[in-house]
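1. Here you go, sequence then predicted model.
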Amino acid sequence: MDLTKKNVLIFPAGSEIGIEVFNSLKYTHHFELFGASGKSDHASYMYRESHYFESDFYIDDVKFVERFNELLTRWNIQFVIPTHDSISYFLATVRHKINAEIITSSEQANKVARFKNITYDVFKQYDFCPKVFNFTQELDYPVYLKPTDSQGGKGNCLIRNEIELSSYTELADTSVLCEFLPGKEYSVDCFTDFKGNLLFSGPRTRKRIHIGISFRSESVPLTEDIRNIANAINSELKPNGSWFFQIKQDVNGKWKLLEVATRQASTMAVYRANGINFALLSLFNAQEIPTSILNNNNAVSLDRYLGNRFKLAVEYTKIYIDLDETLIADSMVNPQIMAYLYQEKNAGKFIVLITKHKYNLTQTLNELAISEKLFDQIIHLQDSENKVDFIKPDNAIFIDNYFLDRLNVSEKLKIPVFDVDAVECLIK
């Protein structure tokens, strides 16, 4: 096994899928991560400036391959992980022109997965394929209309009667008209190795869906009928690496296929929580390194929310931080503050603990497993002393829960001051 660290480009980097791939790989010592996006998005808050590229970087640009290769060469990229269906399909079609290996399945597998009319044609002999209609035949309403090349439910609509259908006839050549499926909906995360062996299939619920993404999802047991669908798709499509499919129950409770994707899904994080790192597996698989699945088999529930990341225009080399009700509160350590301090310790910042702690300071730190070596300096004050008198303001910031101390430092020393809740803004 080649243990040389290899460079990986995640593209687009700022999608929910790109963020999940980044989170899956950010701690591995096997790969160095780079990101690229065609528009300004969250990725610029995740990568170091030297590892991120943002421009009008779109696959429909006639010079895209040339510009893409320039970027790959500049960063010595060995692997590209596409995080959008259209980009995955496009890169599969031009992979012979790309100066790096594309982590996706074959061009044919991408084509079948990208276009639902082809998907349903390939699987029409299977009973899990939904009924597909044409616009001119007599229909039992409601029916469901979806674009041939969309994902995440974009452009889908329920057609309740002939009058509604008539307003969509111009979409007949670019849409699929199929049976309405009113039942439960699952995604099934899969991994197939380079020998074609389906090593894992894991269903999960799709709850609280927004912009096509499951904002709440729970792992559920793999049933025999879902396993059979996974095996059939694996046999017909011959995917390579991470992939998934979505199914929904018909009026009789039978599972029917919605779509297939030859890429990682953002909510594969459900199974990453059980030890299955799809992005890492796919990268090893691309090198034809034999892989196996280690599944903790715990019940997992994931809930997604809109979180915050910050870029603060504050430069500093020294941190003064209080102890009571700041680093510790209610006889417990604040884990976010500790994470921040270790972040800055790794960055070489000078950390000063400044406190009026009324008890034995060394004993308190030891009882809470806080090493005194975390701090470059410890200033233990008497209650009558003022913190502002002991702070050297050059390139310094001050963190304290007590407003009057922050106000005093801010007014007299003119340095940035932060309450405990604002430390979140300093975490990168």
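-> Looks like it came in fine. Owing to the predicted nature of the structure, the values given are computational and were not obtained by experimental measurement.

2. can you pull out the helices in the stretch 1-150 of the chain?
-> Secondary structure of the stretch 1-150 of the chain (DSSP state H, counting those that start in this stretch): helices at 16-25, 64-75, 85-93, 107-114, 116-122.

3. contacts for the last one?
-> Identification of contacts with helix 116-122 by Cβ atoms under 8 Å, 6 or more residues apart in numbering yields 111-113, 129-130, 132, 146-149, 176, 178, 236-237, 257, 259-260. Every residue, glycine included, has its C-beta placed from N, CA and C.

4. So which bits of it are buried?
-> Judged by neighbour count using 16 or more other Cβ atoms under 10 Å, the buried positions of helix 116-122 are 116-120, 122.

5. got it, and the fourth one?
-> Counting neighbours by 16+ other Cβ under 10 Å, one finds that the buried residues in helix 107-114 are 107, 109-114.

6. Alpha carbons only: can I get it in CSV?
-> Output in CSV follows, covering the C-alpha atoms of helix 107-114 (Å, rounded to 0.1, in the frame of the first residue of the first chain):
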residue,chain,number,x,y,z
GLU,A,107,-20.0,6.8,-17.9
GLN,A,108,-22.8,4.3,-18.6
ALA,A,109,-23.7,4.0,-15.0
ASN,A,110,-23.8,7.7,-14.6
LYS,A,111,-26.0,8.1,-17.7
VAL,A,112,-28.5,5.6,-16.5
ALA,A,113,-28.6,7.2,-13.1
ARG,A,114,-28.8,10.8,-14.4
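
7. rewinding a little: relative to Y271, which of the helices of the stretch 1-150 of the chain is closest?
-> Nearest to Y271 among those is helix 16-25 (10.8 Å), distances taken as Cβ to Cβ.

8. hang on, the earlier thing: can you put the buried residues of helix 116-122 in CSV and add pLDDT and distance to D189?
-> Output for those, formatted as CSV (pLDDT from 0 to 100; distance: Cβ to Cβ, whole Å):
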residue, pLDDT, distance to D189
K116, 95, 20
N117, 95, 25
I118, 97, 22
T119, 97, 18
Y120, 97, 21
V122, 97, 21
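
9. and which of these is nearest D303?
-> Nearest to D303, judged by Cβ to Cβ, of the buried residues of helix 116-122 is K116 at 29.2 Å.

10. returning to what we had before: now the helices of the stretch 1-150 of the chain in TSV, with distance to G183?
-> Formatted as TSV, the helices of the stretch 1-150 of the chain follow (distance: least, Cβ to Cβ, whole Å):
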stretch	distance to G183
helix 16-25	25
helix 64-75	41
helix 85-93	25
helix 107-114	23
helix 116-122	18
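
11. re earlier: report the buried members of the contacts of helix 116-122.
-> Looks like the contacts of helix 116-122 have 111-113, 129-130, 146-149, 176, 178, 236-237, 257, 259-260 buried, using 16+ other Cβ under 10 Å.

12. Show me which pair in the residues you listed is furthest apart.
-> Pairwise distances across the buried ones among the contacts of helix 116-122 peak at 22.3 Å for P147 and E236 (criterion: Cβ to Cβ).

13. Adding distance to S242, write the buried residues of helix 116-122 out as CSV.
-> Formatted as CSV, the buried residues of helix 116-122 follow (distance: Cβ to Cβ, whole Å):
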residue, distance to S242
K116, 20
N117, 24
I118, 21
T119, 18
Y120, 23
V122, 20
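
14. What is the nearest of the residues you listed to V417?
-> K116 (56.1 Å).

15. do you know how far the closest one is from T267?
-> For K116, the distance to T267 (Cβ to Cβ, to the nearest Å) stands at 20 Å.

16. and the closest residue to Q264 other than its chain neighbours, what element?
-> Distances taken as Cβ to Cβ, 6 or more residues apart in numbering place S242 nearest to Q264, at 4.6 Å, with adjacent residues excluded. Element membership for S242, per DSSP states H and E: strand 241-249.

17. Report all helices and strands that the lowest-mean-pLDDT helix or strand in the chain contacts.
-> Taking mean pLDDT, DSSP states H and E as the measure, the chain has strand 207-210 as its least confident helix or strand, at a mean of 79. In terms of contacts (3 or more Cβ pairs under 8 Å, 6 or more residues apart in numbering; DSSP states H and E), strand 207-210 is packed against strand 213-218.

18. Next, the angle helix 16-25 makes with the strand it packs on.
-> Using axes from the mean of the first three to the mean of the last three Cα atoms, to 10 degrees, one finds that strand 213-218 and helix 16-25 are set 50 degrees apart in direction.

19. Tell me where the stretch 201-350 of the chain has helices.
-> Using DSSP H, counting those that start in this stretch, helices in the stretch 201-350 of the chain cover 224-237, 269-272, 278-286, 335-346.

20. Give me the mean pLDDT for stretch 416-426.
-> Stretch 416-426 carries an average pLDDT of 97.

21. now that stretch: how far from the chain's centre is it?
-> Taking Cα atoms, centre = their mean, to the nearest Å, one finds the center of stretch 416-426 at 26 Å from the center of the full chain.

22. Any buried residues in it, and which?
-> 416-418, 420, 423, 426.

23. Give me the contacts around it.
-> 308, 310, 312, 314, 316, 325-326, 334, 336-337, 340, 397-401, 403, 406-407, 409-410.

24. Endpoint to endpoint, stretch 20-32 covers what distance?
-> 16 Å (Cα to Cα, to the nearest Å).

25. chain center to that stretch: distance?
-> With Cα atoms, centre = their mean, you get 11 Å for stretch 20-32.

26. Check stretch 158-173 too.
-> Distance, centroid of stretch 158-173 to centroid of chain: 36 Å (Cα atoms, centre = their mean).

27. Equivalent analysis for stretch 80-90, please.
-> The chain centre lies 15 Å from the centre of stretch 80-90; the measure is Cα atoms, centre = their mean.

28. Please list the outside residues in contact with it.
-> Contacts of stretch 80-90 (Cβ under 8 Å, 6+ apart): 8-13, 15, 17-18, 21, 59, 72, 91, 98, 100-104, 107, 110-111, 113-114, 149, 151, 261-264, 279, 282-283.
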